[in-house]
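Asks: Dropping a prediction and its sequence here:
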Amino acid sequence: MKQALVWWSFVGSSDRSPEEVMTAAREIGYDAMEMMKPEQIPMVKDHGLEVALLTGHDSLDDGMNDPANHDRIAAELSGNIRIAAENDVPVLVCFSGNRRFGLSEMDGAENCAEILARVAPEAEEAGVTLCMELLNSKVDHAGYQCDHTPWGVHLCRMVNSPAVKLLYDVYHMQIMEGDLIRTITENIEWIGHFHTGGNPGRNDIDETQEIYYPAIARAIAESGYDGYVSHEFRPQGDTIEAARAAYEVFDL
């Protein structure tokens, strides 16, 4: 299984230097880093790592469900699709935006589908997947609209493009839905990327939290999924040892 480390949680919140983290990641067996700034891509590749994912557009809470944002987001995605294609980055993450007064769940999904369908042909041609991220609206992202898997799957079905899928964040969906293995297994065709994190607290994926990640790892492996699993949690101890432990859970 291809594994990656998320930049903000393993570099941005660590007392280790980027060089230390990336050197150790390569030695452990990691394939990639993700969510760094585009100008940091050469440094990542110089350490023998790929880039698993970049941010597709600005603003998580003021996103695709507002048509007033569509021209801006389309331009941002277009530019980032080119960057991704030039650097062999397979995924750009996208965000629904927050619920607004008078905006129904269906209208929000239709607005997101409209902008994704507009950009999808360019993404298809470039070989880049646009992944709408599933986030929790209970703890971390109050009001965020794409906060349940059925809503996200409905969105993907409306767009009907191989370049539009979901980023399934196990931490976020444990908070919102639970029933993780069944949901992953039944909807794997719509999932283009995974994030991990321990709940509660978005800490290490170890015995201190409530998600049993060895079973999650087996379910993903048995599903035939061939994309990245990226670890996005805040290590509570040594950064390198946390990265090593997480890698071993998914080293199937």
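Replies: That came through fine.
Asks: burial count for residue 179?
Replies: 11 (other CB atoms under 10 Å). C-beta: built from backbone N, CA, C; applies to glycine.
Asks: what's the helix or strand containing residue 74 packed up against?
Replies: For residue 74, the enclosing helix or strand under DSSP states H and E is helix 70-86. Under the contact definition 3 or more CB pairs under 8 Å, 6 or more residues apart in numbering; DSSP states H and E, helix 70-86 sits against strand 53-55, strand 91-94, helix 105-126.
Asks: out of those, nearest to residue 44?
Replies: strand 53-55 (11.0 Å; CB to CB).
Asks: So which other helices or strands are in contact with that closest one?
Replies: helix 70-86, strand 91-94.
Asks: Listing partners with orientation, what would you give for that strand?
Replies: If you go by DSSP bridges, strand 53-55 pairs up with strand 91-94 (parallel).
Asks: ok, residue 72 - contacts?
Replies: 57-58 (CB atoms under 8 Å, 6 or more residues apart in numbering).
Asks: what's the pLDDT at it?
Replies: Residue 72 is assigned 98 on the pLDDT scale.
Asks: for the one 4 residues further on, same thing?
Replies: Residue 76 is assigned 98 on the pLDDT scale.
Asks: What is the neighbour count of it?
Replies: There are 19 residues near residue 76, going by other CB under 10 Å.
Asks: can you pull the contacts of it?
Replies: Taking CB under 8 Å, 6+ apart, one finds 56-58 in contact with residue 76.
Asks: could you dump those residues to CSV with distance to residue 186?
Replies: Output for the contacts of residue 76, formatted as CSV (distance: CB to CB, whole Å):
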residue, distance to residue 186
56, 26
57, 29
58, 33
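Asks: Now, of those, which are buried?
Replies: 56-57 (16 or more other CB atoms under 10 Å).
Asks: Pick the one among the contacts of residue 76 closest to residue 211.
Replies: residue 56 (26.8 Å).
Asks: Measure how buried the residue nearest to residue 100 when sequence neighbours are not counted is and give me the count.
Replies: In this structure, residue 100 finds its nearest non-sequential neighbour in residue 66, 7.0 Å apart by CB to CB, 6 or more residues apart in numbering. Residue 66 is flanked by 19 other residues according to other CB under 10 Å.
Asks: check contacts around residue 66.
Replies: 97, 100, 111.
Asks: Can you tell me the centre-most residue of this protein?
Replies: residue 167 (4.4 Å; CA atoms, centre = their mean).
Asks: how about that residue, secondary structure?
Replies: strand (DSSP: H, G, I helix; E, B strand; the rest coil).
Asks: Return a ChimeraX selection command for the buried portion of the contacts of residue 66.
Replies: Buried residues among these (16+ other CB under 10 Å), as a ChimeraX selection:
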select :97,111
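Asks: wait, which of the contacts of residue 66 is closest to residue 38?
Replies: residue 97 (22.7 Å).
Asks: returning to that earlier point: could the helices and strands packed on strand 53-55 go into CSV alongside distance to residue 238?
Replies: Shown next, in CSV, are the helices and strands packed on strand 53-55 (distance: least, CB to CB, whole Å):
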stretch, distance to residue 238
helix 70-86, 32
strand 91-94, 28
